[in-house]
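Q: return a 3D structure for these sequence lines:
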Amino acid sequence: MKQKITIKTISKELGVSTSTVSKALRDSHEISVETKERIKAYADFYNYKPNNLALQLRNQKTMVIGVILPKIVHHFFSTVIKGIEKGASEKGYHIMVCFSNESYQSEVDNLKVLSNGSVDGLLISVAKETLQNGDFKHLQDLVNEEIPLVMFDRVLDSIDCDKVIVDDIGGGYKATKHLIEQGRKRIAMLSTPTHVNIGVLREKGYTKALKEFNLLESSNLAIEIDDNSDLKEQIFKVIDKNIDAIFAVNEIYAAVAIRAIREKGMKVPEDISVVGFTDGLISEYSSPSITAIVQHGFTMGKQAVELLIDRIENESENLPPATKVISSTLNIRESS
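A: From the prediction side, this is the model:
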């Protein structure tokens, strides 16, 4: 079986630039007949079928950025979109937004739609199902084809591309330290399944704060929430562990925790304090309002699209992938 090759492979083997390869495969008049024939012969021998977007990017610009988000209704991602739109418009670009709805197959299908040459590069926050099944081939293929790609928020360490992330460890640490400074000693954490890397990172911050204040043995109560089971019933079991505080990795968990605490006949924050992650409308308008880590989604979106446009417009520089980290802050409200 012949090996699978990419534009980068052809470029390396024949000693020409990736731009020369892509132009030759499009039969550009800029490339000599001899070079075109050599490149096409090599591509034909390995049954190479060029990706439309890869060729489009190297020959003409659409001034459109493709964006794939995991959710339609989500305060954080709505602020990210605002930042992306602002950053794109400042550089003369438009955006085309698709939603995976946390589905691996939808994510793959969206990439296929956007890879028809209609965009200049891609921004993506990875779907939960993709993280769970561990199949990242569709994303690795983009990198292999040298298509400009920036991941944000939910990213993959194994994919070698530009990334923009929140300081999740720092956020987890700030939230837990705040609860400790309020005199709380039995702090539970409501976390996501381990395949969702943001939950793992936030738990590292939680553990770091407990260790710093010598509470690791008495307060190490990190609970992995199963989104396919009844959330409130899972939180009831956590409350029964004689806790005095909850750090939730998102504002949905935090809001449901407050409801569960009340149904147990207790008060927030008098009996149990609650801190969430993502300072959205739920946190602001819950009763009591929820203390939360602010992720600065607008900043994340703007920096992500600026990083992508810089990669698109300076493709020939071959700079190594960069990771930008957005610092989080704590917005203290009534729940703690």
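Q: tell me which element residue 189 is part of?
A: Residue 189 is part of strand 187-191, with elements assigned from DSSP states H and E.
Q: cool, and residue 180?
A: Taking DSSP H and E as the criterion, residue 180 maps to helix 168-181.
Q: shaky segments in the stretch 1-150 of the chain?
A: The stretch 1-150 of the chain contains residues with pLDDT under 70 at 1-3, 51-59.
Q: switch to 90 and redo it
A: For the stretch 1-150 of the chain, residues meeting the criterion pLDDT under 90 lie at 1-13, 15-31, 33, 39-40, 43-62, 71-75, 112, 115-118, 143-147.
Q: now the spatially most central residue of the chain: phi and psi?
A: In the chain, the C-alpha nearest the mean C-alpha coordinate belongs to residue 154, at 2.2 Å (CA atoms, centre = their mean). The phi/psi pair for residue 154 (degrees, to the nearest 10) reads phi -90, psi 110.
Q: could you do residue 306 as well?
A: Torsion angles at residue 306 (phi, psi; degrees, to the nearest 10) stand at phi -70, psi -40.
Q: now do residue 70: how many residues are near it, please.
A: By the criterion of other CB atoms under 10 Å, residue 70 has 23 neighbours. Every C-beta, even on glycine, is put in place using the N, C-alpha and C of the backbone.
Q: repeat that for residue 128.
A: For residue 128, using other CB under 10 Å, the count is 20.
Q: start and end of stretch 187-197, how far apart?
A: End-to-end distance of stretch 187-197: 21 Å, with CA to CA, to the nearest Å as the criterion.
Q: I misspoke; the intended subject was stretch 142-153.
A: Length of stretch 142-153, first residue to last, CA to CA: 19 Å.
Q: run through who's touching that stretch.
A: Residues from elsewhere that reach stretch 142-153 (CB atoms under 8 Å, 6 or more residues apart in numbering): 6-8, 18, 51, 53-54, 57, 76, 80, 111, 115, 120-126, 139, 159-166, 198, 300-301, 304-305, 307-308, 311-312, 315.
Q: now that stretch: how far from the chain's centre is it?
A: Relative to its chain's centre, stretch 142-153 lies at 13 Å (CA atoms, centre = their mean, to the nearest Å).
Q: swap in stretch 156-176?
A: 9 Å.
Q: need the contact list for the residue nearest to the centre of the chain.
A: Going by CB under 8 Å, 6+ apart, residue 154 touches 70, 125, 126, 127, 128, 131, 196, 197, 198.
Q: kind regards, and thank you for your time.
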